[in-house]
Each structure stands twice: as C-alpha cells, then as structure tokens.
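S.K.: Coordinates for the following, if possible.
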Amino acid sequence: RKAKKTPKTFFETPRAMTDPTQKAIMGFLPRLHITSVCTLNVQLIVFSFCHQIELTLKYGAHAFSGSAYVFMGIVAATLGDYATGSHFAEMGFLLQQSVASK
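M.R.: From the prediction side, this is the model:
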C-alpha cells in the first residue's frame, strides 16, 4: 500500500527543478514582483506568486520557491484568512529549509 504524502512531507523533501527554461522563468519572476510593487499592480503581484507556486508544483523546487509561498501567505492574511496564510507561510519555510540544505 502506498503511503500518503502530506503537505508537510511534500515540502520537507521536494524534488529539485531541473528544466533550464523553468529555472529561467523562476529567476525572472522576482523582477516582475519589484515592478508590480512599484506600480502598485496588486493583480500582477498575486499572479506572479501564483505562477511561481504552479511552476514549483509542476517542475520542482527552486531557490525562489519558498519565498513565493510565504508571500502568498501574507496575501491571504492581508485578506483576513489567517489560517491559510499561516499554512502557506509554514510550507514556504519548510520548502526554503529543504532547498537551502541541498
């Protein structure tokens, strides 16, 4: 019987992102965050974080993956959903710890 993978175990042992195109996109998206913040484009900020999370789930962990989860947690908490915000922040922290240890 196959053991279930919980979110915690998934983020403690993520696979690394290896696709060079996806790694380049993950490296570009933080630049988009800066532009979005400077222009106060909230939709673009949230879109870019969501895209980083999607790439992480689809292609594996990158050095910038953890911060995307943490910032989505901040967005959720800002909108009043503190439980979801806390979960995203915890996932980002676990992900960043595991990526940094490799």
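
S.K.: which element follows the helix or strand of the chain with the lowest mean pLDDT toward the C-terminus?
M.R.: Across the helices and strands of the chain, the lowest-confidence element by mean pLDDT, DSSP states H and E is helix 7-12, at a mean of 65. Next along the chain after helix 7-12, taking DSSP states H and E as the criterion, comes helix 20-38.

S.K.: Which positions within the helix or strand following that following helix qualify as buried?
M.R.: Later in the chain than helix 20-38, the nearest helix or strand by DSSP H and E is helix 42-59. Of the residues in helix 42-59, Ile45, Ser48, Phe49, Gln52, Ile53, Leu55, Thr56, Tyr59 count as buried by neighbour count, 16 or more other CB atoms under 10 Å. Glycine gets a C-beta too; all of them are placed from N, C-alpha and C.

S.K.: Out of those residues, the closest to Met72 would be?
M.R.: Phe49 (5.0 Å; CB to CB).

S.K.: wait, that closest one sits on Phe71?
M.R.: Yes. Using CB atoms under 8 Å, Phe49 makes contact with Phe71 at a distance of 5.2 Å.

S.K.: so what sits against both of these two?
M.R.: Shared contacts of Phe49 and Phe71, defined by CB atoms under 8 Å, 6 or more residues apart in numbering, comprise His33.

S.K.: hmm, which two among the buried residues of helix 42-59 are most spread apart?
M.R.: Ile45 and Tyr59 (21.6 Å).

S.K.: and Ala63, what helix or strand is that in?
M.R.: Applying DSSP H and E, one finds Ala63 in no helix or strand.

S.K.: Quick check: closest non-adjacent residue to it.
M.R.: Spatial nearest neighbour of Ala63, chain neighbours left out: Val99 (6.0 Å); criterion: CB to CB, 6 or more residues apart in numbering.

S.K.: Return the angle between stretch directions for the host helix or strand of the one you found and helix 42-59.
M.R.: Counting by DSSP H and E, the element that carries Val99 is helix 82-100. Computed with axes from the mean of the first three to the mean of the last three CA atoms, to 10 degrees, the direction of helix 82-100 lies at 50 degrees from that of helix 42-59.
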